[in-house]
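Novice: Provided below are the primary sequence and the corresponding predicted coordinates.
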Amino acid sequence: MFKGRHVLLMDNKGRISIPSRYREVLQERQDRLLVLTNYDKYILAFPQSEWVKVEGKLAEQAIFRKEFRKFQRFLISGVEECPLDRQGRILIPPTLREYARLTREVTLAGAVRCFEIWDRQAFETHWQDLEAQDFEEVLHELMV
């Protein structure tokens, strides 16, 4: 399970070091490959074993539903497979760095089965919006 937030520095080549807590999750799953894709102005990062499940769900959908095809086109066309190097880093491809408007400082945010990669400032702005939300109904649904 991916949880917590981590602020990292991206190097000039677009590499980030995956935090040790996240690497442990990947090692438990025997995943050395992350599948990255664009989503809502940030990047979703899935272990390959989780991404296979996402692809399976997508393959089950009715391909002639226009809104579904648009979503699938957006999500799948952004996919990049990013192996972890020996130092536990991944290279974020330029297309995804541009999409998420990543600067040198990035935030990794756990999202249970995957994690998100944000530009740090964009995440902090988003976090302020989250703090103003009332999640009582969502919490109630989870606890029932």
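Specialist: Ah, there it is. Bear in mind that the values here come from a model prediction, so they are computed numbers and not experimental data.

Novice: Determine which residue lies closest to the centroid of the protein.
Specialist: residue 44 (2.0 Å; CA atoms, centre = their mean).

Novice: Wait, a helix at that residue?
Specialist: No: Residue 44 sits outside any helix when classified using DSSP: H, G, I helix; E, B strand; the rest coil, being strand.

Novice: right, and it touches residue 36 too?
Specialist: Yes: using CB atoms under 8 Å, residue 44 makes contact with residue 36 at a distance of 7.0 Å. Yep, even glycine has a C-beta here, placed from its N, CA and C like the rest.

Novice: where do the contact lists of those two overlap?
Specialist: Common neighbours of residue 44 and residue 36, using CB atoms under 8 Å, 6 or more residues apart in numbering, are residue 117.

Novice: Let me see the ranges of the helices in this protein.
Specialist: 20-28, 48-60, 66-77, 94-99, 120-131, 136-143 (DSSP state H).

Novice: hey, least reliable of the ones you listed by pLDDT?
Specialist: Lowest mean pLDDT within those: helix 136-143, at a mean of 87.
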